[in-house]
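Visitor: generate a structure from the sequence data that follows.
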Amino acid sequence: MDSSSSKKNRAKLKDKAKSASSSEDYAVLASKTPFSENEVESLYELFTKLSSSVVRDGFIQKEELQLALFQNTTKRNLFLDRMFDLFDVNHNGHIEFGEFVQTLSIFHPKTPEADKTTYAFKLYDLRHTGYIEREELREMVLALLTESDLALSDDFVEMIVDKTFKESDTKGDGRIDEEEWKDYVAKNPSLLKNMTLPYLMDISIAFPSFVLNSKAEEPML
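Guide: This is a model prediction of the structure:
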């Protein structure tokens, strides 16, 4: 059973969430994203369902995002950690409605590929250094393979990493900067296939599958 202080803290968070959502201007969010005002309103319905699936506090917690993406709340996942960090723009430990809409808009089919490329780079830059290091790439490849239910040998994974660095690290410094990443993606546009959710073109207030290709046939790299 929750303690009295815990209940009070949860109530404060819930009040804050209500205030944030009621003051959120759908028109403003629509002006910043490919979504229409009606679609933003529909996204609020989705947000409400997600944010109450585990903890009813008006925010999306990591466990709730994990449940939406992977249908479980217990299995640890590097890809989930990166997605949550990027959704949680304010870095306050939960996802607010405005963050949800603006980050989800990156996956809209109408979002420019340049924006998707930048976002994908941040996804792989695990340690926030402004570069994709070999170990970071290897960790993400393994995470994506796991979510794709693909089991490849360590040698094959190393081959993927080696090939990627050979083609993208044009400066030869053992790391991939954002400029090199953009050039590499321009030559390999299929890398962005997981950065688009087709259903966002026709949003329904019904709870969608909301799976970011977690059962993809192959990893992004």
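
Visitor: gap between the spatially most central residue of the chain and residue 77?
Guide: Closest residue to the average C-alpha location of the chain: residue 83 at 3.2 Å, with C-alpha atoms, centre = their mean. With distances taken as C-beta to C-beta, to the nearest Å, residue 83 is found 9 Å from residue 77. (Glycine included, C-beta is placed from N, CA and C.)

Visitor: equivalent analysis for residue 138, please.
Guide: The spacing between residue 138 and residue 77, counted by C-beta to C-beta, is 16 Å.

Visitor: the strands in this protein, which residues?
Guide: Along the chain, the segments classed as strands by DSSP state E run 131-133, 175-177.

Visitor: who touches residue 130 in this structure?
Guide: 177-178 (C-beta atoms under 8 Å, 6 or more residues apart in numbering).

Visitor: mind listing the helices for the protein?
Guide: Secondary structure of the chain (DSSP state H): helices located at 4-23, 26-32, 37-50, 62-70, 78-87, 97-104, 113-124, 134-147, 154-168, 178-187.

Visitor: for residue 200, which of these is the nearest?
Guide: Evaluated over the helices of the chain, closeness to residue 200 peaks at helix 97-104, with 7.2 Å, by C-beta to C-beta.

Visitor: now the chain, which segments are flagged as low pLDDT?
Guide: Along the chain, the parts satisfying pLDDT under 70 run over 1-24, 70-76, 204-221.

Visitor: related to what we said a few turns ago, for residue 143, see how far away the residue nearest to the centre of the chain is.
Guide: Spatial separation of residue 83 from residue 143 under the definition C-beta to C-beta is 11 Å.

Visitor: which ones are touching the spatially closest residue to residue 123 that is not a sequence neighbour?
Guide: The shortest distance from residue 123 to any residue that is not its chain neighbour, by C-beta to C-beta, 6 or more residues apart in numbering, is 5.2 Å, and that residue is residue 82. For residue 82, the residues meeting the contact criterion (C-beta under 8 Å, 6+ apart) are 123, 126, 140.

Visitor: was I right about the last one contacting residue 77?
Guide: Think residue 140. No. Taking C-beta atoms under 8 Å as the contact criterion, residue 140 and residue 77 are not neighbours in contact, 11.2 Å apart.

Visitor: who's more crowded, these two?
Guide: For residue 140 and residue 77, the more surrounded residue by other C-beta atoms under 10 Å is residue 140, and the numbers stand at 22 against 17.
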